[in-house]
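1. No sequence on hand, only this structure:
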């Protein structure tokens, strides 16, 4: 295609994208996304990618929805501790449960990753798939975020919803590859993000098949973080992605694995939390969503880094209604 | 809907299915399939299933393609042993490799499941995803079945290809849930069956992420057989299927799990190998694809059991050309 024709093609793509990426300010990130999608979906482009290989992977916490002041699954687990406490009198004196029952966030955090994992496993275990689906669905439809005071599902990022939709409109298959629990995400993420349950991948508890049911066990089977993410992509998707979206060092391996795709042009995009008014501002020193080595690499290697504060017109869908 | 209208609806469905299930003789199995699909896709039926929940799971070996005189992946592993033998002089004196190099099937089978597993793991390990894809693709495009003397991919069942297509035309999502290796199936099964790689589930080797590559290890991670099948469905699909297709006792747990779907009407179909002329005839006493307890249960519980000899006009696609 001649340069003029290609410019026309980009212009046309831009105007089509205008509707779907409406909450993105014009700027580097939006341009990068549109130029990438235009080049790999144009059958005459040298960068054309056949539809079957248009695989896009998204982290969830901090990439598709907020993750502050703690991962939302942690709040879910805390609410489960409170709900199950009458059956567990011993929790009154055992950490990390004691801390939860006393609303002592400091003591809870002091129990470290091990304590938090134990809490998640203990409160998730023993349930069948159907029971757990029901519990999560009820929670997501009623529980409110401690400071934003809205449903957790209202804290998804409007620009990222539009990006998911834009990619799917261009025949990309969108996947979630998250450190969050696969069983926790599936009951609501399908509807919220428009992603079928079999394209939602996350950390896993061991389960057993018994009495025609799947039952959760209190044992971690797979931690879908860092180097676990390419491994999960291997098992669940079976091909190397062409586009990867994350927000922290935990997503780096997945994005590096995507960048190393030898067959196709790729896109790597990091959401950078720069907005302490509408959302939160954190990166290199945060204990949640630490974004340090990944940020250095992204800046050096020309990955797309979204400046949330300046590039997003709105953060959450409820801002649109205002 | 009145009974007359529903009969008309079934007749209409029948005539539509006529084209897509062309290799199925009229009979109980074909009728069961069509009646099921008609009832669950009719928005006015009490049995209607929303599109997102139309999940159909298929075993592969013996259900979608042949599995005699041994699983085809075993022949692949044998060919790998021969190709890799120059680098492994010790194999000349070590079972099960010695048996393979001497074409001694009896000694090979005598090494039992453990020996066969070892052979598969040893020959698959050490390769990256991209290397292994290439090796499998080359093999499937050139290697021939020992007695049928055609490519292995020509030994898929034409009626089952039509069934897959018919279900997808009715907005079912089709999955493979096979005891065979997930890495072995994916390079060709997508194209042969029209099923995307992320909907192909099977047994897994451990892998590691290293140098931006996924590399296979000589260790079994997950045996996707028997009770493993519902577990794999839990992890990969995240919802209970409504239709399940198998041919052996190894598929029973998956089919029982499907039948126990409390929300929707289900279909369970077993392919019964009754044709010793066009394919093979085997069931209760076979060491491959043993079909004994599953057959009893199916007959008692009104599952659909396909009599291959009498219900399939052709078995393989190449018969159509004759």
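-> Received, thanks. Note that this is a predicted model, so its numbers are computed, not measured.
2. what about the strands in the stretch 51-200 of chain A?
-> Applying DSSP state E, counting those that start in this stretch to the stretch 51-200 of chain A gives strands spanning A:55-58, A:173-181, A:200-210.
3. if you compare those, which one is most tucked away?
-> Per residue and on average, the most neighbours among those fall to strand A:55-58, with a mean of 27 (mean count of other CB atoms under 10 Å in any protein chain shown). For every residue, glycine as well, the C-beta is placed using N, CA and C.
4. Mind giving me the packing neighbours of that one?
-> Here strand A:55-58 touches helix A:158-169, strand A:173-181, strand A:243-246, going by 3 or more CB pairs under 8 Å, 6 or more residues apart in numbering or on different chains; DSSP states H and E.
5. how about the residues of the stretch 101-250 of chain A near chain B?
-> By the rule CB under 8 Å from any CB of the partner chain, the part of the stretch 101-250 of chain A lying against chain B is A:129-130, A:173, A:175, A:182, A:186, A:190, A:196-200, A:204, A:207-209, A:212-214, A:227, A:230-231, A:234-240.
6. Per-residue pLDDT of the residue in the stretch 51-200 of chain A positioned nearest to chain B, please?
-> Going by CB to the nearest CB, chain B is nearest to residue A:197 of the stretch 51-200 of chain A, at 3.5 Å. If you check residue A:197, the pLDDT there is 97.
7. Quick check: which of the strands of the stretch 51-200 of chain A is nearest to residue A:73?
-> strand A:173-181 (5.4 Å; CB to CB).
8. Same question for stretch A:36-43: list its buried residues.
-> A:36, A:37, A:38, A:39, A:40, A:41, A:42 (16 or more other CB atoms under 10 Å in any protein chain shown).
9. if I look at the fifth one, how far off is chain B?
-> Between residue A:40 and chain B the distance is 18 Å, computed by CB to the nearest CB, to the nearest Å.
10. so what's the residue nearest the centre of chain A closest to, chain neighbours aside?
-> For chain A, the residue nearest the mean C-alpha position is residue A:60 (0.7 Å; CA atoms, centre = their mean). Nearest non-adjacent residue to residue A:60, counting by CB to CB, 6 or more residues apart in numbering or on different chains: residue A:178, 3.6 Å away.
11. close enough to count as contact, the residue nearest to the centre of chain A and residue A:189?
-> Yes: between residue A:60 and residue A:189 there is a contact at 7.2 Å, judged by CB atoms under 8 Å.
12. Residues that sit against both of these two, list them.
-> Both residue A:60 and residue A:189 are contacted by residue A:176, under the criterion CB atoms under 8 Å, 6 or more residues apart in numbering or on different chains.
13. one step back: what does the residue nearest to the centre of chain A show for phi and psi?
-> phi -100, psi -70 (degrees, to the nearest 10).
14. where does residue A:120 land on pLDDT?
-> At residue A:120, the pLDDT recorded in the model is 89.
15. So it is in contact with residue A:181, correct?
-> Yes: at 7.0 Å, residue A:120 and residue A:181 qualify as touching, with contact defined as CB under 8 Å.
16. Give me the common contacts of those two.
-> residue A:73.
17. circling back: list only buried entries from the residues of the stretch 101-250 of chain A next to chain B.
-> Buried, going by 16+ other CB under 10 Å: A:129, A:173, A:175, A:182, A:186, A:190, A:196-200, A:204, A:207, A:209, A:212-214, A:227, A:230-231, A:234-240, out of those.
18. Among these, which lie within helices?
-> Using DSSP state H, A:129, A:182, A:186, A:190, A:230, A:231, A:234, A:235, A:236 are the members of these that sit in helices.
19. nearest to residue A:297, of those?
-> Nearest to residue A:297 among these, with distances taken as CB to CB, is residue A:230, at 15.6 Å.
20. isn't that closest one right up against residue B:208?
-> No: using CB under 8 Å, residue A:230 is not in contact with residue B:208; the gap is 9.6 Å.
21. which neighbours do those two share?
-> In contact with both residue A:230 and residue B:208: residue B:214, using CB under 8 Å, 6+ apart.
22. List the buried residues for stretch A:138-157?
-> By 16+ other CB under 10 Å, the buried positions in stretch A:138-157 come out as A:139, A:140, A:143, A:145, A:151, A:152, A:153, A:154, A:155, A:156, A:157.
23. For residue A:279, see how far away the fourth one is.
-> Separation of residue A:145 from residue A:279 (CB to CB, to the nearest Å): 12 Å.
24. Find residues that contact each of these two.
-> In contact with both residue A:145 and residue A:279: residue A:66, using CB under 8 Å, 6+ apart.
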